[in-house]
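Visitor: fold the following.
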Amino acid sequence: MRWSQTTHQHCVLIIRSLLRRCTRAAALRPGQQLHAAATVTGLLSFPAHFLHNALVHLYAACSFPTQAHKLFDQIPHSHKDSVDYTALIRCSIPFHSLHFFLQMRQRGIPFDGVTLLCALNKCSRLRDPKVLSQMHVGVVKFGFLRLTKVCNAVMDGYVKCGLVGEARKVFGEIGVTSVVSWTVVLEGVVMWEGVESGRVVFDEMPERNEVAWTVMIKGYVGNGFTKEAFWLLNEMVFGCGFVLNCVTVCSVLSGCSQSGDVSLGRWVHGYAVKAMGWDLGVMVATSLVDMYAKCGRISAALAVFRNMERRNVVAWNAMLGGLAMHGMGRVVVKMFACMVEEVKPDAVTFTALLSGCSHRGLVEQGWQYFNDIESVYGIIPEIEHYACMVDLLGRAGHLEEAMNLVKKMPFPPNEVVLGSLLGSCHAHGKSQLGEKIMQELVQMDPNITEYHILLSNMYALSGKVDKANSLRQVLKNRGIRKVPGMSSLYVDGQLHQFIAGDKSHTRTTEIYMKLNDMICKLRLAGYVPNTKCQVLFGCSSRDDCIETLEEVEQVLFTHSEKLALCFGLITTAPGSPLYIFKNLRICQDCHSAIKIASDIYKREIVVRDRHRFHSFKQGSCSCSDYW
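Guide: Residues are numbered from 1 along each chain as shown. Model prediction:
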């Protein structure tokens, strides 16, 4: 059947109108059906650009940039306008977005504030000061400084690059500032200049929205000021009448996850239940699972997860990741079998799964999952998966297998992969191999202190004291210092932090009295200071260093974990659990000491270090000494 010209045009107009409706509703499926119908009937090619523009906007709105790009390329240059370019800029990854913006300018296509705003938002995600400053020049050149939203986007880009001073300059040039303008500055100041400076900006704000309150509260939480965070939350909700929405709740819970502050997280949990009912929705419930897991309350995380009415892959990943951090690899394996019956796993799932296997030494299961990633689930393995597998093999002492896997990787190893190998060399006394790996790490970044220290410790423990001294001297000459170990815990909603040998706390005298008492009890229970954890320098042999060994023991006794533990023992109720957070990996001596202390004081002591959780109970640890 042949259509008349009029009928043909009428059908094209109808399809275009329907495509626009699909675009506004981000309705991909019916839009694809219209696309197919237009292709089959030949309507897509008459006129050549008419439906292509509408389809570009549809796929861009539905976040299908590849399809949008293909259709965009089929439109003649003479029929591409600023709206088409803006749609592509909005949906593409930052690098491609800036490419389209530059192409648009080269072809002399005029743009408006909306196009520029989209380009600036993408530019902010690149976090490249040079690119951002060039965009800023364009904003000034084309007279867009009068648009507050555009200025806000420029400021946001500077904030993400850490250039708060530049953001303040732009703020000063805005004719009429909005609450968003103030909030962007506030976020930058809190992030880069500290919570105290942020509070000054917060108090100066003529108007505050939910985002500003959330930024300030999260800033307090992240810096351990729980009481101030509680006060602000109370003022926000009960004083100003704001209702915490899902985004605000999740943001505050994210801050609690990072800081380990469970008290505020529990308050937010209670508020959410009262405001939303027991069905909190996937987003809030997932944030709660993540918060409880990262604050050391894995049982609470499991309870929230099991009570969720709906669970997506993100919720499952949060739960599996939390279990892996707590060394519960066998539970991770069992839960994964349940997960695949409910949702399709993704790349993050396998990172959590392999991490769980690594912390428990499940080599056989790890290989099985690693091989299944692509063959069974159609996911291309990423470098994170290789890093987990290398870590699993290295921890288990299969260093040759780990090295072979690194050689077979489809991409060059990064710092995480090589650092994991170096750690395994340290654990298994392979200093010669460790030296080769260290040379590669230094080429990547000569200032990575952690790995220099690790290799120097390996030299010292294998009797190569001169090499250890030489490596430490290199660090000293470069002015590179080891990141100090810091342990913290919350008592009555207040954060208390300690570094090794710390005597700055207001209750230092009591802490050290408790420390002396604890060391005596630990010794009686069989504790022997592990002086290998503290490398000796300047001695030809340990027999010649009796006095130095005694000094080393004293250094071990005042490690930050032990100081935090003693403070917890004197400030909390007998028998109550203690939760300690450390910025570095827990040392072997502290691990042994806290195991015994958990039995002596009849306490559960949970320590979150840089890599995982250790739950000490009745003289044993959840890691089963495999860490």
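
Visitor: I'd like the next helix or strand past the strand or helix carrying residue 324.
Guide: In the assignment (DSSP states H and E), residue 324 maps to helix 313-325. Note on helix 313-325: by DSSP H and E, the next helix or strand toward the C-terminus is helix 329-342.

Visitor: the helix or strand just after that next one vs helix 313-325, what angle?
Guide: Later in the chain than helix 329-342, the nearest helix or strand by DSSP H and E is helix 347-360. Per axes from the mean of the first three to the mean of the last three CA atoms, to 10 degrees, the angle that helix 347-360 makes with helix 313-325 is 10 degrees.

Visitor: any idea which helix or strand comes after helix 347-360?
Guide: Following helix 347-360 toward the C-terminus (DSSP H and E): helix 363-375.

Visitor: quick check: the residue most central in space within the chain vs residue 218, distance?
Guide: Taking CA atoms, centre = their mean, the centroid of the chain lies closest to residue 258, which sits 8.8 Å from it. Taking CB to CB, to the nearest Å as the measure, residue 258 and residue 218 are separated by 9 Å. Glycine gets a C-beta too; all of them are placed from N, C-alpha and C.

Visitor: next: residue 115.
Guide: Counting by CB to CB - residue 115 and residue 218 are separated by 32 Å.

Visitor: so for these two, which residue has more residues nearby?
Guide: Using other CB atoms under 10 Å as the criterion, residue 115 and residue 218 rank with residue 218 on top: 24 against 21.

Visitor: which element is the more buried one on?
Guide: helix 210-222.

Visitor: who touches that helix?
Guide: Helix 210-222 is contacted by residues 179-180, 182-183, 186-187, 190-191, 195, 198-199, 202, 205, 226, 228-229, 232-233, 236, 240, 242, 244-245, 247-248, 251-252, 254-256, 258-259, 261, 264 when judged by CB atoms under 8 Å, 6 or more residues apart in numbering.

Visitor: which among these end up buried?
Guide: Buried members of those, counted by 16 or more other CB atoms under 10 Å: 180, 182-183, 186-187, 190-191, 195, 198-199, 202, 205, 226, 228-229, 232-233, 236, 242, 244, 248, 251-252, 254-256, 259, 261, 264.

Visitor: what's around residue 317, how many residues?
Guide: Look at residue 317: counted by other CB under 10 Å, it has 24 neighbours.

Visitor: my error: substitute residue 148 in the last question.
Guide: Residue 148 - counted by other CB under 10 Å - has 16 other residues nearby.

Visitor: and the gap between the closest residue in space to it that isn't next to it in sequence and residue 528?
Guide: Excluding its sequence neighbours, the residue lying closest to residue 148 (CB to CB, 6 or more residues apart in numbering) is residue 178, at 5.4 Å. Distance of residue 178 to residue 528, given as CB to CB: 64 Å.

Visitor: just give the closest residue to residue 128, not the sequence neighbours.
Guide: Nearest to residue 128 is residue 161, by CB to CB, 6+ apart, at 7.4 Å.

Visitor: quick one: residue 158 is in a helix?
Guide: Yes. Counting by DSSP: H, G, I helix; E, B strand; the rest coil, residue 158 is located in a helix.
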